[in-house]
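[1] make a model of this:
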Amino acid sequence: MNIVKVDDSNTHVYANLYQGYAAEFSRIIDDKLDESGLFEIYPQLKGSVTGYLLYIDGKPAALTAIDEKSAKAYEICDFYVLPCFRKNKVGKRFISSLFELLGGSWEIKQVAGADHAIKFWREVVRDYTSGDYVEDVYEDYKWGTVTRQCFSHSKNA
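    Sure, this is the predicted structure:
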């Protein structure tokens, strides 16, 4: 398992993997392809948003986009593990490694209808925090009804 930050040398890998992610969620969020047959990457990896790729045995296996909304306060914007790598808790190990690396406080949202994502994130956050997290459901200005998990590494985060 090798985690690398997305930069100019591998942004094309992120863009390629993103198409599978967007296709998987297109039925839930009613996203459409452009005239070239591609989904728009949202959010863009710039400013406060950083992308990470997971490689397994030298092959790209997963991606995530993380927004540092303020100092050490992160939101997971996108998270995707290729179906052929969805075993042995690859996704859980990937994001837990980033939780450890970055520290701070975290917010993860799942859109209504993404029941598999809600189940995944509940398990990951519950296990990572030993149950010390907050979950709520609210109306997000962009995504509508979302389920959200929040946690912090320390009271000072």
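[2] spatially nearest residue to residue 5, not counting backbone neighbours?
    residue 52 (5.8 Å; C-beta to C-beta, 6 or more residues apart in numbering). Heads up, the C-betas are built off the backbone N, CA and C, glycines and all.
[3] secondary structure class for the one you found?
    Secondary structure, DSSP: H, G, I helix; E, B strand; the rest coil: residue 52 is strand.
[4] any idea how many residues pack against it?
    Residue 52: 22 surrounding residues under other C-beta atoms under 10 Å.
[5] can you check the one 5 residues further on too?
    By the measure other C-beta under 10 Å, the count of residues near residue 57 is 8.
[6] and it, its phi and psi?
    Torsion angles at residue 57 (phi, psi; degrees, to the nearest 10) stand at phi 50, psi 40.
[7] do you know the pLDDT at it?
    On the pLDDT scale, residue 57 is placed at 95.
[8] all strands for this protein, in order.
    2-5, 49-56, 59-70, 73-81, 105-111, 134-140, 144-152 (DSSP state E).
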